[in-house]
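In: Requesting a structural model of the entry that follows:
(2 chains)
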Amino acid sequence: KAGVTQTPRYLIKTRGQQVTLSCSPISGHRSVSWYQQTPGQGLQFLFEYFSETQRNKGNFPGRFSGRQFSNSRSEMNVSTLELGDSALYLCASSLAQRGGTDTQYFGPGTRLTVL
Amino acid sequence: DAKTTQPPSMDCAEGRAANLPCNHSTISGNEYVYWYRQIHSQGPQYIIHGLKNNETNEMASLIITEDRKSSTLILPHATLRDTAVYYCIVRVAGRGGGADGLTFGKGTHLIIQP
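Out: Below is the predicted model of the structure:
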């Protein structure tokens, strides 16, 4: 079974621009979570989508948003980019079955550089 | 989710067993212990998880103490490719649809020496 895929793998943007990152979960997985990883803050949870609805959200400003499509694929958007948004953005998917352990499996990440 | 404490770094000789400890003294009865690892600049890789019994899979073994306040991840025959940051995470699982965010600490940087 194919793993979690993320596109693009690398991205360079300038301050003030916006960016959209894409994530395709493992086939059959219904939950998609997004994380940001920076050297200073480590790995931090952004938000989680399940059945096209945002169910959980981390402590990030409203410039960070996302959505999930009916096929469980997800996108996240960052508007008005700041230098501090330079990071590795990771997507993780899980089955999200009731009563299951919801193990999350991560993609390779998108490396965003803001100049 | 309960907090975990891990040593910041460890060394292990290639071919030997690597034993990575994790303290989670405030773990609740419904919280699982998860282990992930991250090789430089790649996405975290799931290794293993458990509730109270010891677990083993093709990658590693997880030993959880009887009081569940600590655990040890064992890589039985470490190779150079096992050099990575290892994260121990405790979390409530199966909240009924949707996964809560994992809380990653700083982990243990395991260095396998040739």
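In: Who's the closest spatial neighbour of B:Gln6, skipping the chain neighbours?
Out: In space, and not counting its chain neighbours, B:Gln6 is closest to B:Thr108: 4.6 Å by C-beta to C-beta, 6 or more residues apart in numbering or on different chains. (Each C-beta comes from the backbone N, C-alpha and C, glycine too.)
In: do the same with B:Ser71
Out: B:Ile64 (4.6 Å).
In: picking that back up, quick check: the gap between the residue nearest to B:Gln6 and B:Gly15.
Out: For B:Thr108, the distance to B:Gly15 equals 19 Å [C-beta to C-beta, to the nearest Å].
In: Helix or strand with the lowest mean pLDDT in chain A?
Out: For chain A, counting by mean pLDDT, DSSP states H and E, strand A:53-57 ranks last in confidence among helices and strands (a mean of 89).
In: so what strands line up beside that one?
Out: strand A:42-50 (antiparallel) (DSSP bridges).
In: Quick check: nearest residue in space to A:Ser65, chain neighbours excluded?
Out: Of all residues not flanking A:Ser65 in the chain, A:Asn77 sits nearest, at 5.0 Å (C-beta to C-beta, 6+ apart).
In: Sticking with that neighbour, tell me its helix or strand.
Out: For A:Asn77, the element it lies in under DSSP states H and E is strand A:74-78.
In: Can you name the next helix or strand after that strand?
Out: Scanning forward in sequence from strand A:74-78 by DSSP H and E, the next helix or strand is strand A:87-94.
In: What helices and strands are in contact with that following strand?
Out: Here strand A:87-94 touches strand A:5-7, strand A:19-24, strand A:31-38, strand A:74-78, strand A:105-106, strand A:110-114, going by 3 or more C-beta pairs under 8 Å, 6 or more residues apart in numbering or on different chains; DSSP states H and E.
In: quick one: buried residues of the strand holding A:Asn77?
Out: A:74-76, A:78 (16 or more other C-beta atoms under 10 Å in any protein chain shown).
In: For B:Asn30, report the pLDDT, please.
Out: On pLDDT, B:Asn30 comes in at 84.
In: so it makes contact with B:Val92?
Out: Yes - look at B:Asn30 against B:Val92 with C-beta atoms under 8 Å: they come within range, at 5.4 Å.
In: Among the two, which residue is more densely surrounded?
Out: Taking other C-beta atoms under 10 Å in any protein chain shown, B:Asn30 and B:Val92 do not tie; B:Val92 has more neighbours (15 against 11).
In: if we can go back for a sec, show the contacting residues for the residue nearest to A:Ser65.
Out: Contacts for A:Asn77 were tallied using C-beta atoms under 8 Å, 6 or more residues apart in numbering or on different chains; they are A:18-21, A:64-67.
In: and what of A:Arg63?
Out: With the criterion set at C-beta under 8 Å, 6+ apart, A:Arg63 makes contact with A:78-80.
In: Could you pull up the residues touching the residue in chain B that chain A sits nearest to?
Out: In chain B, no residue comes nearer to chain A than B:Gly101, which is 2.7 Å away by C-beta to the nearest C-beta. When contacts are counted by C-beta under 8 Å, 6+ apart, B:Gly101 touches A:33, A:35, A:45-48, A:56, A:58.
In: got it, and B:Gln42?
Out: Per C-beta under 8 Å, 6+ apart, neighbours of B:Gln42: A:108-109.
In: No further queries at this time; thank you.
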